[in-house]
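Peer 1: this one's structure only:
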Ligand code: CAA
């Protein structure tokens, strides 16, 4: 499929999606949302793909939802369309998605990065929820996900003052999993995704599902959920292969069965 606001490529078993609205610093409009969801669903359905990377440009991962597109929306339009609900489809992806963030990840850009499974940041990355400066609040999950990532105090600070956090602070506070020099960002993210894609896909998908469940439920229910998934993995040939390979001191050959 031909896209206008994103570029899709494959690198081995990794699907790479690059946000590509350079003139608007990758501001997230309805077209980019539709294309991103289509690309993620496409890679999701492709048996040759085991993990994805979403990235932007050196200057901006994404500078937020498209302010010019939103500007004239009325309350009744926003409510009737359930504006931004479309992003929920992005979060339904079952294969892992790594956000590779350089430059600005602001507002919806920060929120999109947090919808991915983890964030690898360039040392140039800047995160923020500046919606308050526009007379609104985060609408793509910022007040909820940022609080779960960094805790109430820092999330309040970010959402109420609109200030930006640099990559070092983002790593310190648990928003990002690693920080790398800007020139190495894409390769590092692809390396991480390729590593994941080499594991048994059903176990990778269940690991993602289990970690995500921890946000949604009590510890007791989450532990039970994890244990049931764990039990189910013993039905896989890949569990037998993985453990046999360990015992035989060789590399496993996973077949996703
Ligand atoms: N929406 C639409 N256009 C945007 C945009 C956005 N979020 N961010 C940047 N652009 C556009 C600018 O309007 C400009 O376009 P023109 O050349 O046509 O004027 C172009 O991108 C380049 O931007 P700047 O000239 O502003 O670049 P800069 O280097 O001087 O500043 C910046 C960079 C600090 C990121 C600045 O662009 C900025 O503050 N952007 C807006 C950030 C923001 O408020 N994001 C939150 C949006 S609301 C939201 O996301 C709601 C939600 O919860 C989902």
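Peer 2: Structure's in. What do you need? All of these numbers come straight from a predicted model, not from anything done at the bench.

Peer 1: helices of the stretch 151-257 of the chain, start to end?
Peer 2: With DSSP state H, counting those that start in this stretch, the ranges of helices along the stretch 151-257 of the chain come out as 152-161, 167-172, 185-197, 201-213, 219-232, 237-247.

Peer 1: of those helices, which is nearest the ligand?
Peer 2: helix 152-161 (10.0 Å; CB to the nearest ligand atom). In this view, the C-beta of every residue, glycine as well, is placed from N, C-alpha and C.

Peer 1: about what we covered before: deepest-packed of the helices of the stretch 151-257 of the chain, please.
Peer 2: helix 185-197 (a mean of 20; mean count of other CB atoms under 10 Å).

Peer 1: which residues touch the closest residue to residue 34 other than its chain neighbours?
Peer 2: Computed as CB to CB, 6 or more residues apart in numbering, the closest residue to residue 34 that is not its neighbour in sequence is residue 86, at 7.6 Å. Counting by CB atoms under 8 Å, 6 or more residues apart in numbering, residue 86 touches 30, 33, 34, 37.

Peer 1: element containing the third one?
Peer 2: Looking back up the chat, that one is residue 34. Per DSSP states H and E, residue 34 falls inside helix 30-45.

Peer 1: list the buried residues for that helix?
Peer 2: For helix 30-45, the neighbour count (16 or more other CB atoms under 10 Å) marks 32, 33, 35, 36, 37, 39, 40, 43 as buried.

Peer 1: is any residue of it near the ligand?
Peer 2: No. No part of helix 30-45 sits near the ligand under the criterion CB under 6 Å from any ligand atom; the closest distance found is 10.6 Å.

Peer 1: by contact count, what packs against whichever helix or strand comes after that helix?
Peer 2: The helix or strand immediately downstream of helix 30-45 is strand 51-55, counting by DSSP H and E. Other elements packing on strand 51-55 under the criterion 3 or more CB pairs under 8 Å, 6 or more residues apart in numbering; DSSP states H and E are strand 14-19, helix 30-45, strand 97-101, helix 185-197.

Peer 1: possible to save these as JSON lines with mean pLDDT?
Peer 2: Formatted as JSON lines, the helices and strands packed on strand 51-55 follow (pLDDT from 0 to 100):
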{"stretch": "strand 14-19", "mean pLDDT": "98"}
{"stretch": "helix 30-45", "mean pLDDT": "98"}
{"stretch": "strand 97-101", "mean pLDDT": "99"}
{"stretch": "helix 185-197", "mean pLDDT": "98"}
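
Peer 1: in a markdown table: these, plus distance to residue 119.
Peer 2: As requested, those are exported to a markdown table (distance: least, CB to CB, whole Å):
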| stretch | distance to residue 119 |
| --- | --- |
| strand 14-19 | 14 |
| helix 30-45 | 16 |
| strand 97-101 | 5 |
| helix 185-197 | 9 |
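
Peer 1: contact residues of the stretch 101-250 of the chain facing the ligand?
Peer 2: So the stretch 101-250 of the chain meets the ligand at 104, 106, 107, 108, 111, 130, 131, 134, 138, 139, 140, 142 (CB under 6 Å from any ligand atom).

Peer 1: the first one: what's it in contact with?
Peer 2: Read it as residue 104. Shown in contact with residue 104 (CB under 8 Å, 6+ apart): 25, 59, 60, 61, 62, 63, 126, 128.

Peer 1: do the same with the third one
Peer 2: With contact taken as CB under 8 Å, 6+ apart, residue 107 is in contact with 63, 64, 65, 128, 129, 130, 131, 138, 140, 142.
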